[in-house]
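>>> Return a 3D structure for these sequence lines:
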Amino acid sequence: MHLLLKGIVIGFAIAAPVGPIGALCIRRTLADGRLVGLASGLGAAAADAICGAMAAFGLTAVSAFLVGQRLWLGLVGGVFLLYLGVSTFVARPASATLPPSPSGLLKAYGSTFVLTLSNPVTILAFAAIFAGLGVTAGGDHGQAALLVLGVFLGSAAWWVILSAGVSASRGWFNESGMRWVNRVAGIVIAAFGVGAALNALR
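Residues are numbered from 1 along each chain as shown. This is a model prediction of the structure:
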């Protein structure tokens with residue numbers, strides 16, 4: 001059980017720093033509602049769990065392939081973030097938050113899932129953290145599974161808290177305020193995209 005708790009702490013700590021996924025989740029929560037923001041966060045949580053599983057279970061072939069494709073993954077992820085940033089910047093504020101469709105939720109989930117997986121450094125980060133905890137790749141699969149489950153639960157918990165908190169503040173923003181939210185979020189997301197592309201080229 002202690003490994004499950006460690007995994008929860010690790011997942012929460014990795015998800016909590018505000019990055020492009022956080023900015024995207026905040027903007028989508030404000031613009032499209034709590035469920036869309038939560039779906040966006042859960043996509044990232046699922047990707048975190050997969051990266052953690054690769055590190056914990058010793059899936060070296062898959063992780064080595066992703067790390068080896070760091071250049072192209074970084075470029076594709078950076079361009080995608082840049083596109084999301086520009087489209088967010090120019091998006092018109094919604095006059096009313098409509099109930100999300102299943103396809104809309106799936107799109108929100110899938111976009112953050114792919115974006116998170118496009119950063120192979122996440123796998124290396126999990127490998128380093130797990131090694132520090134004494135969890136060796138390919139070791140006790142039961143312990144590894146508990147740790148990975150904890151990572152998902154911890155990451156998901158952060159996104160639940162963030163989407164709920166941002167949703168509660170939705171009433172503070174009028175149309176003008178939402179326009180500025182779109183602009184600021186767009187600039188932040190686009191900046192992360194440029195940064196990701198430049199880092200991939202180094």
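
>>> what's the residue closest to the geometric middle of this protein?
Nearest residue to the geometric centre of the chain (C-alpha atoms, centre = their mean): A44, 3.3 Å.

>>> From the chain's centroid, how far away is whichever strand or helix holds that one?
Taking DSSP states H and E as the criterion, the element that holds A44 is helix 34-56. Centroid separation for helix 34-56 versus its chain: 6 Å, with C-alpha atoms, centre = their mean, to the nearest Å.

>>> for it, packing partners?
Under the contact definition 3 or more C-beta pairs under 8 Å, 6 or more residues apart in numbering; DSSP states H and E, helix 34-56 sits against helix 2-15, helix 20-32, helix 60-68, helix 102-117, helix 121-132, helix 141-168. No exception for glycine: its C-beta is placed from N, CA and C like everyone else's.

>>> Identify each buried residue in it, please.
Within helix 34-56, the residues that count as buried by 16 or more other C-beta atoms under 10 Å are 34-56.

>>> In contact with the nearest residue to G104 once chain neighbours are set aside, which residues are there?
Nearest non-adjacent residue to G104, counting by C-beta to C-beta, 6 or more residues apart in numbering: V36, 6.4 Å away. Shown in contact with V36 (C-beta atoms under 8 Å, 6 or more residues apart in numbering): 28-29, 100, 104-105, 108.

>>> Narrow those to those that are buried.
Buried members of the contacts of V36, scored by 16+ other C-beta under 10 Å, are 28-29, 100, 104-105, 108.

>>> Pick out the lowest-pLDDT one from the residues you listed.
Among the buried ones among the contacts of V36, P100 carries the lowest pLDDT, at 77.

>>> S155 contacts I14, doesn't it?
Yes - the pair formed by S155 and I14 meets the contact definition of C-beta atoms under 8 Å, at 6.6 Å.

>>> higher neighbour count, those two?
Set S155 next to I14 and count neighbours by other C-beta atoms under 10 Å: S155 wins out with 29 against 21.

>>> I'd like to check which residues are in contact with that one.
S155 sits next to 11-12, 14-15, 41, 44-45, 48-49 when contact means C-beta under 8 Å, 6+ apart.

>>> Export the residues you listed as CSV, with columns for pLDDT and distance to F113.
CSV is the format used below for those (pLDDT from 0 to 100; distance: C-beta to C-beta, whole Å):
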residue, pLDDT, distance to F113
G11, 87, 15
F12, 91, 18
I14, 84, 15
A15, 85, 13
G41, 93, 11
A44, 93, 7
A45, 94, 9
D48, 90, 10
A49, 91, 10
